[in-house]
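> Kindly generate the corresponding structure for this input.
(chains A, B, C, D, E and F)
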4 protein chains.
Amino acid sequence: MQIQLSEADGTPYYQQVVNQVKFLVASGRLQPHDQLPSVRGLAQQLTITPNTVARAYRELEAEGVVISRRGSGVYISDGVSPLSSKEKRRILNERMDALLTESRQLGVDEQTLLKLLHERSQKFDAHTLEVEP
Amino acid sequence: MQIQLSEADGTPYYQQVVNQVKFLVASGRLQPHDQLPSVRGLAQQLTITPNTVARAYRELEAEGVVISRRGSGVYISDGVSPLSSKEKRRILNERMDALLTESRQLGVDEQTLLKLLHERSQKFDAHTLEVEP
Amino acid sequence: MQIQLSEADGTPYYQQVVNQVKFLVASGRLQPHDQLPSVRGLAQQLTITPNTVARAYRELEAEGVVISRRGSGVYISDGVSPLSSKEKRRILNERMDALLTESRQLGVDEQTLLKLLHERSQKFDAHTLEVEP
Amino acid sequence: MQIQLSEADGTPYYQQVVNQVKFLVASGRLQPHDQLPSVRGLAQQLTITPNTVARAYRELEAEGVVISRRGSGVYISDGVSPLSSKEKRRILNERMDALLTESRQLGVDEQTLLKLLHERSQKFDAHTLEVEP
DNA sequence: GTGGTCTAGACCACG
DNA sequence: GTGGTCTAGACCACT
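Residues are numbered from 1 along each chain as shown, chains lettered A, B, ... in the order given. Down below sits the predicted model:
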């Protein structure tokens, strides 16, 4: 599994792992029932402590993205998010505000933004994006 | 000056202010010699402590984006260059990927997302505040 | 804040803290906006590492019970649970099954159980229960 | 003996077997002196390792629910629960408090809870299982 | 002072 | 082998 940790930006390692796994799932590269690398294996690959990987996996489990089976491994879940619609909407609004704020500050109007987002969505599915979102 | 603070994501307030001022400069909305709002004024507008705004301005000054003149105010320094369109596109792509990832994870399809984004854009305009420096 | 850790049962320390804080909130002893003991303070009181307390607080924040403000402290949230109704129902069913199974094994019929539960609910509100649930 | 293993929830297999045997006993489907399936037989039926079944039986024996006779098999014990009524009440109170805590946390009032518990109790009965040693 | 992250390493529980 | 918990202690970010 391709995961890249960036030391430069302030994002915590565990959060970067969470983000990238969610990205891999959302783009279809990781399918339900797929097994993730073991905690220790991924830790060694990324040269961080197993503790940090375990935290990322725990977080992903809490969000309903993976389920972990003691003694067996961690797998992509086929369930849906356990969050309420209100909470889902809150999260989406947050992301949309970030996008709207930056696009305006960069001089991109709404119509152009919607077009760009549609194109990006196509590439998203086509797996033609780099892994690091 | 339009600045939006998001309380939910982990980004510190001072960092959000820094980022958005840098964007405003990069996109040409803020020009060299333009005056920024006062520390207290911006703090009041954003309902955060003046301390936090001061820290943002300090950071911006350290990076050479602004110059602070005692007794006068804080100004955009000259000699700052706007972002290349390639760089702009990279930033937008990052935000779009984050939005697409979250929306898929939450079970929202592209069409619905575009609709939500359009609605949010309207509300965004409605809540726009002008700030006099 | 009264919290008792039991070393005997297999329940992890962080989980015991989570359970008891939720109990204190549900029974009204802790009110929205109340401040919890600091991570280090509670750790010292319970003679466990701050790390473990931090994990409990993190878990409580993820469940929407508390919100934590860096540099300030951890406070009881006034929001509701961010879970979907389906997830809420799943959790309740789990607890109800545990109760039903054990009550039958102890020879308590449904009618008696409902009566006992009603009485317990009264005491729950009256704060006449010991803290450890 | 019909036992259903759920892979999805985090409960260990051996624990699920323990719980379900206890439930079968509590509901009268398994009577004192009834013989349980052999370790290997049940393991094959559930497609898990005999190791896991053996562990479940060991646990059940430690709790006094079954008695294992070398060379003969495993049988439901005829000893009545030796718990004092005070002890019974303590266990029930523990479960009731857990249920009350969760339900308040999730915004479910007492009346609704009692209704849900009644419904759940019916389904509990409806899950009739045939038992064959 | 507050909480947040990470490491190094130990021990336990499960299949 | 797998994941889960906990400790001891370090450093960082924020108010």
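> For the nearest residue to A:V66 once chain neighbours are set aside, give me its contacts.
Excluding the flanking residues, the one nearest A:V66 by Cβ to Cβ, 6 or more residues apart in numbering or on different chains is A:L60, at 4.6 Å. Placement of C-beta: from N, CA and C, glycine included. By Cβ atoms under 8 Å, 6 or more residues apart in numbering or on different chains, A:L60 lies in contact with A:18, A:21-22, A:66.
> Name the member of those with the shortest distance to DNA strand E.
A:V18 (9.9 Å; Cβ to the nearest atom of the strand).
> Checking that closest one next. Helix, strand or coil?
Three-state assignment for A:V18 (DSSP: H, G, I helix; E, B strand; the rest coil): helix.
> Next secondary structure after the helix or strand bottoming out on mean pLDDT in chain A?
One helix or strand of chain A scores below all others by mean pLDDT, DSSP states H and E: helix A:85-105, with a mean of 86. Going down the chain from helix A:85-105, the next helix or strand is helix A:110-126, by DSSP states H and E.
> Run the contact check for that next one versus chain B.
Yes: using Cβ under 8 Å from any Cβ of the partner chain, we find that helix A:110-126 touches chain B at A:110, A:113-114, A:116-118, A:120-121, A:124.
> what is the orientation angle of that helix with helix B:110-126?
150 degrees (axes from the mean of the first three to the mean of the last three Cα atoms, to 10 degrees).
> So which bits of helix A:110-126 are buried?
A:110, A:113-114, A:116-117, A:120-121, A:124 (16 or more other Cβ atoms under 10 Å in any protein chain shown).
> so how far is C:Q111 from the residue nearest to A:V66?
Computed with Cβ to Cβ, to the nearest Å, the distance linking A:L60 and C:Q111 is 44 Å.
> picking that back up, possible to save the buried residues of helix A:110-126 as a markdown table with distance to B:K86 and pLDDT?
Listed next are the buried residues of helix A:110-126 as a markdown table, based on distance: Cβ to Cβ, whole Å; pLDDT from 0 to 100:
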| residue | distance to B:K86 | pLDDT |
| --- | --- | --- |
| A:E110 | 22 | 91 |
| A:L113 | 17 | 94 |
| A:L114 | 21 | 96 |
| A:L116 | 14 | 94 |
| A:L117 | 18 | 95 |
| A:R120 | 16 | 94 |
| A:S121 | 21 | 94 |
| A:F124 | 20 | 89 |
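> Widest-spaced pair of the residues you listed?
A:E110 and A:F124 (20.2 Å; Cβ to Cβ).
> unless I'm mixing things up, A:E102 is touching B:I91, no?
Yes: using Cβ atoms under 8 Å, A:E102 is in contact with B:I91, at 6.3 Å.
> Between those two, point out the one with more neighbours.
In terms of neighbours (other Cβ atoms under 10 Å in any protein chain shown), A:E102 is the more surrounded of A:E102 and B:I91; the figures are 21 against 16.
> Who's the closest spatial neighbour of that one, skipping the chain neighbours?
B:R95 (5.8 Å).
> mind checking how far whichever residue of chain A sits closest to DNA strand E is from C:S72?
Chain A approaches DNA strand E most closely through A:G71 (2.5 Å), counting by Cβ to the nearest atom of the strand. A:G71 sits 41 Å away from C:S72, going by Cβ to Cβ.
> repeat for A:F124
39 Å.
> which parts of chain A sit against DNA strand F?
A:10, A:36, A:38-41, A:50-51, A:54, A:57-58, A:61, A:68-74 (Cβ under 7 Å from any atom of the strand).
> Put the buried members of those into a ChimeraX selection.
For the buried members of the residues of chain A next to DNA strand F, the matching ChimeraX selection, counting by 16+ other Cβ under 10 Å, is:
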select /A:36,39,54,57,58,68,74
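> Report the residue ranges of every domain in chain A.
A:13-76, A:85-126 (automatic domain parsing).
> The residue of chain A closest to DNA strand E and B:Q20: what is the separation?
Looking at A:G71 against B:Q20, where the rule is Cβ to Cβ, the gap reads 48 Å.
> related to what we said a few turns ago, which member of the residues of helix A:110-126 next to chain B is positioned nearest A:Q2?
A:F124 (16.0 Å).
> Let me see the contact set for the closest one.
A:26-27, B:97, B:100.
> May I ask which of those has the most neighbours?
Going by other Cβ under 10 Å, B:L100 tops the contacts of A:F124 with 25 neighbours.
> can I assume it is in contact with A:H118?
No: the pair B:L100 and A:H118 does not pass the contact test of Cβ under 8 Å, sitting 10.5 Å apart.
> A:R29: which element?
Counting by DSSP H and E, A:R29 is part of no helix or strand.
> measure it to DNA strand F for me?
In this view, A:R29 and DNA strand F are 19 Å apart by Cβ to the nearest atom of the strand, to the nearest Å.
> And for A:G64?
14 Å.
> Taking the chain centroid, which residue in chain A is the extreme one?
A:G107 (27.7 Å; Cα atoms, centre = their mean).
> Next, give phi and psi for that one.
phi 80, psi 20 (degrees, to the nearest 10).
> Just the pLDDT at it, thanks.
Looking at A:G107, its pLDDT reads 78.
> That one reaches B:G28, doesn't it?
Yes: under the contact definition of Cβ under 8 Å, A:G107 touches B:G28, with a separation of 7.4 Å.
> Next one: the closest residue to A:S38 other than its chain neighbours, what pLDDT does it get?
Spatial nearest neighbour of A:S38, excluding adjacent residues (Cβ to Cβ, 6+ apart): A:G73 at 6.4 Å. Here, the pLDDT recorded for A:G73 equals 94.
> so what's A:G73 bridging to?
A:R69 (DSSP bridges).
> Return the residues in contact with it.
A:G73 neighbours (Cβ under 8 Å, 6+ apart): A:35-36, A:38.
> In CSV: the residues you listed, plus secondary structure.
CSV is the format used below for these (three-state DSSP):
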residue, secondary structure
A:Q35, strand
A:L36, coil
A:S38, coil
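> Nearest to B:D78 among those residues?
A:L36 (51.1 Å).
> Please look at the closest one and A:Y75 and confirm they touch.
Yes: look at A:L36 against A:Y75 with Cβ under 8 Å: they come within range, at 6.9 Å.
> Between these two, which contacts overlap?
Joint contacts of A:L36 and A:Y75 (Cβ under 8 Å, 6+ apart) are A:V66.
> ok, how many other residues are close to A:A8?
Around A:A8 there are 6 residues (other Cβ under 10 Å).
> which SS class is it?
Assignment for A:A8 (three-state DSSP): coil.
> Pull up the gap between it and D:V108, please.
47 Å.
> Please apply the same query to A:Q4.
44 Å.
> Neighbour count: the two, which is higher?
For A:Q4 versus D:V108, neighbours defined as other Cβ under 10 Å are more numerous around D:V108 (18 against 10).
> how much space is there between the more buried one and DNA strand F?
26 Å.
> Please list all residues in contact with that residue.
C:88, C:92, D:116.
> thought the second one was touching D:G107?
No: using Cβ under 8 Å, C:L92 is not in contact with D:G107; the gap is 11.0 Å.
> Which one of the contacts of A:F124 is nearest to A:P82?
Nearest to A:P82 among the contacts of A:F124, with distances taken as Cβ to Cβ, is A:A26, at 16.7 Å.
> hang on, the closest one packs against B:L100?
Yes: the criterion here is Cβ under 8 Å, and A:A26 meets it with B:L100 at 6.8 Å.
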